[in-house]
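Asker: here are the coordinates; sequence isn't available:
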C-alpha cells in the first residue's frame, strides 16, 4: 500500500488486514510509534470529524501535524495549482491527508507526490477512510463482515459514503436493502455493479418492509437542497425519521449507524439505546486512522 | 472537580487550591506531566489570548492539541448540534475547552461529555479561567486575597469578567469600588447579591473619589456599540482614560489590571510603570491553565 | 543575533554562518534540539509555504507551535494593537514568527518583544528567511556564492524577494542580469545601491540577450493587477514564459529558481528537468528555518 485513494483499490484480504491492525491499536497504544513523523492535513473543504480524528490519531502515536483547515488561509488564494502545492508540501511532511471539493483531486495528488497520500474526501466521489471505519464498526459489533443484512436509508443517490460501503460489503456477500424516495434512489450504475457481482439486494420506499430482517441500519442525511420544493423535502424528512418506534419491529440485535453529522434523521431519544452505535462509529475513526497512517509510514 | 463551567461552582478553599497548584507550576515545569494527553479546543468565537494560552499550557506540559479556531472550518456549517459535536470530539480527546457565543453552551457540553469540559467563555455569561488568572495575579502581587481594596472602572454592566471577579472576591471580604457612567453601572441583581453576602462596596461616577484607597484598579474596555450616540461614547471614553496623572493621587502600591484587549482605556505611557501589571496578568494565564488542565486530568 | 528582520542586518560572514548551520541539519536531524520550546506563528496574511515550513522545522526539532493562520480568528478583530498582541504572546512562547501586511510591522514587533522575532514577510518590504533559503539553494547546487551569473526575470519592480536576494548577492560579487518589461524594471534606488557597491549588472527587456551566460535564472510571478490593461499583461506573460526552448541556448549547468507560487511563468514540462530546482528550493526552507530557529533560541 502506497496511498489510500479509493476503497475500490483494496481486495477483501487487504481490507481485513487494515481492520486487524486497527483492532490491535485498541489494546496497544503504541505511543511513540510515529515519533518525529509529520502529517500534513490539506483541507480544502471544512470537516470536524475527519480532520480532528486524523490529527488525534497522529498525535496519539507521537507524531506531529502541520496543515490548514481552510483554503482561504493558504496559497490557494494566489492561484497555485494543486500539483504545485503537493510538490511543495511533500518537502515538509512524511505523509499527506487531503480533502478537496474536486472529484479526482486525491488521485492527482498521489500521482505527483513522493510521499503517501490519503484521500479524506474528493467531492462526491470517494472517502475511503470513512468506509474503513464503517467496516471496522460492523466487524467490532457483529464479529464478522460476512452475510450481514444491512439496510441503507435516506439519500442513496448522492451519498458517497453509501456507495463506497456498498462496494466494500459486496466483497463480503452482504444482503442489502435500499430504502429511499424514488428520486433519491441508488444510481442505476451502482445497482448494475451489484448485479454483476451477484450481490443480493432489495429496493423499497418503505423502511417497514425490511426492518425485521436487519442486522445494521445505516442512516444518511437528506439534504434540503436536493429538493426543488420545500414541501417534498418535509414529507420525506418525516417519513424516514428514525425514532424509538422502529425498535418495536426490529431484532434486538439491530444496530443503527450514521456517518454524521445528522440534522434530524435520528431522534436523540435513541442516543443512549443499545441500538445506537453512531458515536462509537465516529470514535472508531481514531484507531482505523492510526492503522492507515502506520501502514503507509511502514511502522507496522 | 470534573468540569470548570462557572466560578460560582467553587468554594473559597477550592479556589485557593487551584491558585496554589498554579504557583507550583511557576517553579516546576513538569514538562512531561500531560504526555500523550490530548486537549480539544473548540472555539466558536475568536480569541488570541485564551486559545493560545490554553494551547501553550497544554504543550508546555507535554500534551497535544486538536481543534478549531473558527467554526466556519468545522461541521457547524453543516447544521450539527453542539451536543453531537461534543459526543464526537470526546472520542478524539481527553479534555475539551470550549468558547461559544451562546450563554449556557459550556454547561450543556459538560452535561453530555464523558470527558472534562472547561468553559473558555459562553456569550456574556461566564469565563471562569479568566477569573482564576485575575485572582492569581492579585494573590501573586499582594500576597493575599483577603481585604483587598479594589476599584472596577469602565463598562460594569456588560463585562462578564467583572461580574465573575466581583463574585469571587466577595468570598474574600474585598472592599469594592464601582466607577462607571450611570448607564454602564453594575446590574442591580449583582449589587443585591453583594448586599446579601454583606460585601462592602461604594458606587461613583468619578474615579478620583476612591483613588487614594485602592490596592487594585481593574480597568475594562468600553465598547462603542453600547452607546446610541457617538458623542456620549467619546465623552465617557475620555473621562475614564487611565494615564500617568492617576499616579499623583494613588498609593505607590496601586496595581493596574485589565483583561485585555484594550483599545485606548489605558495610556501606553503606563506600560512600563511598576503599577501596570496587565501583561503579567495575561502571562499568568499559562500557569493557571496548566493547573486547571492538570487537576481535571488527575495529574496533580 | 537576537531577531531576523531584514537581510540587510547581516554581514557576509553572518550569512555564511547561517547557511553552514543549515547544511549541518541536512545530515543530523537533531530530533530533540528544541524539545519543550514553543514557537508562536502570527500570520496576519495567508501563506502555505512559509507557515508550514516554519511549523515543520520547529516540530522536526521536537518543538511545539501555537498561533493563527488567519487574523479573523484572533483578537485583531477586536481592535488590539500589534504591540499589545506581541507583549501578550511573548508570555506564551519562546520565539515569534510574524507575517504582517504592514511594512515595518516585524521591526516594531522586535522592538517590544523580549523574545526573538523572525520576520516572515512585512508587506512588500522584507522576507529575509526566503533570501536565506534562496542563498542556501544557490550554495548547495553551485558550491559557492561568489561570482555567480544570475538573471532575474519577471516583475522586478514590486518583488521583495528579488530586492532582498539582489542585496545579499551583491555582498558576494554576483554578476546580475535584469530582464523585465520597462514598466516592471528594478527601482532606480535599487540600481543606485548596486552602483555604490560596485556590483556588475546589465538590464534588458529580452531574456535571450543573456541566457548563454547564466548560472542561475531566478523567475518571479507577474501579477495581473499590476497592469491597467489586460492586453499588456497577456503580452508580457507570454514573452517571459519559461519553457524547454530556453534550454537550447543556455549552459547545461543553468539552474532555474522561483520563490513560488507560480501561475504560469514556468511551463510544467520543465519540472522534471535537471535545470528545475524550484521545488528543492522550497524544500530547503525547512533546514534553513531549523538553523534560524536554533540560532535564535541559542541551541546551536
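Answerer: Arrived safely, thanks for sending. Quick caveat, the model's predicted, so the values are computed rather than measured.
Asker: ok, stretch A:248-259 near chain B or not?
Answerer: No - interface with chain B: stretch A:248-259 contributes nothing (CB under 8 Å from any CB of the partner chain), its closest point being 9.9 Å away. Glycine gets a C-beta too; all of them are placed from N, C-alpha and C.
Asker: Would you indicate which residues of that stretch are buried?
Answerer: Using 16 or more other CB atoms under 10 Å in any protein chain shown as the test for burial, stretch A:248-259 gives A:250, A:254, A:255, A:256, A:257, A:258, A:259.
Asker: from those residues, which is closest to residue A:117?
Answerer: Nearest to residue A:117 among the buried residues of stretch A:248-259: residue A:259, at 21.8 Å, using CB to CB.
Asker: does the closest one sit in a helix, a strand or a coil?
Answerer: Assigned with DSSP: H, G, I helix; E, B strand; the rest coil, residue A:259 falls in the coil class.
Asker: Wait, it touches residue A:134, no?
Answerer: Yes - with contact defined as CB atoms under 8 Å, residue A:259 counts as touching residue A:134 (7.4 Å).
Asker: Overlap of the contact sets of these two?
Answerer: A:161, A:281 (CB atoms under 8 Å, 6 or more residues apart in numbering or on different chains).
Asker: mind listing the helices for the stretch 201-300 of chain A?
Answerer: A:230-239, A:278-296 (DSSP state H, counting those that start in this stretch).
Asker: Quick one, which of those helices gets closest to residue C:138.
Answerer: Comparing those by CB to CB, helix A:278-296 comes nearest, at 34.6 Å.
Asker: If you count neighbours, what's buried in that closest one?
Answerer: A:278-279, A:281-296.
Asker: quick check: mean pLDDT across the helix or strand hosting residue A:23?
Answerer: Following DSSP states H and E, one finds residue A:23 within helix A:12-27. Taken as a whole, helix A:12-27 has a mean pLDDT of 97.
Asker: can you give me the mean pLDDT across whichever helix or strand comes after it?
Answerer: Following helix A:12-27 in sequence order, the next helix or strand is strand A:38-43 (DSSP H and E). Throughout strand A:38-43, pLDDT has a mean value of 97.
Asker: which residue does chain A bring closest to chain C?
Answerer: residue A:91 (3.1 Å; CB to the nearest CB).
Asker: tell me the pLDDT at the residue nearest to that residue when sequence neighbours are not counted?
Answerer: Of all residues not flanking residue A:91 in the chain, residue C:283 sits nearest, at 3.1 Å (CB to CB, 6 or more residues apart in numbering or on different chains). As predicted, residue C:283 sits at a pLDDT of 97.
Asker: again, but for the one 3 residues further on
Answerer: If you check residue C:286, the pLDDT there is 98.
Asker: is it true that it touches residue C:52?
Answerer: No - if you go by CB under 8 Å, residue C:286 and residue C:52 don't touch, sitting 9.3 Å apart.
Asker: joint contacts of those two?
Answerer: residue A:92.
Asker: and the spatially closest residue to residue A:87 that is not a sequence neighbour, what does it touch?
Answerer: Leaving aside its chain neighbours, residue A:87 sits nearest to residue C:279 (4.9 Å; criterion: CB to CB, 6+ apart). Listed by CB under 8 Å, 6+ apart, the contact set of residue C:279 reads A:87, A:88, A:91, C:271.
Asker: top of those residues by neighbour count?
Answerer: residue A:88 (23 neighbours; other CB atoms under 10 Å in any protein chain shown).
Asker: before we move on, what SS does that one have?
Answerer: Going by three-state DSSP: residue A:88 is helix.
Asker: Quick check: it vs residue B:114, distance?
Answerer: 41 Å (CB to CB, to the nearest Å).
Asker: try residue A:47
Answerer: 23 Å.
Asker: higher neighbour count, those two?
Answerer: residue A:47 (21 against 8).
Asker: Where does the more buried one fall, secondary structure wise?
Answerer: Counting by DSSP H and E, residue A:47 is found in no helix or strand.
Asker: nearest spatial neighbour of it, skipping sequence neighbours?
Answerer: Nearest one to residue A:47, counting by CB to CB, 6+ apart, is residue A:99 at 5.9 Å.
Asker: Okay, and the residue nearest the centre of chain A sits in which element?
Answerer: Closest residue to the average C-alpha location of chain A: residue A:130 at 2.0 Å, with CA atoms, centre = their mean. Residue A:130 belongs to helix A:128-142 when elements are defined using DSSP H and E.
Asker: other SSEs contacting whatever helix or strand comes next after that helix?
Answerer: Next along the chain after helix A:128-142, taking DSSP H and E as the criterion, comes strand A:149-153. On a contact count with 3 or more CB pairs under 8 Å, 6 or more residues apart in numbering or on different chains; DSSP states H and E, strand A:149-153 meets helix A:160-170, strand A:175-179, strand A:216-219.
Asker: Deepest-packed of those, please.
Answerer: Across the helices and strands packed on strand A:149-153, averaging neighbours per residue (mean count of other CB atoms under 10 Å in any protein chain shown) puts strand A:216-219 on top, at a mean of 25.
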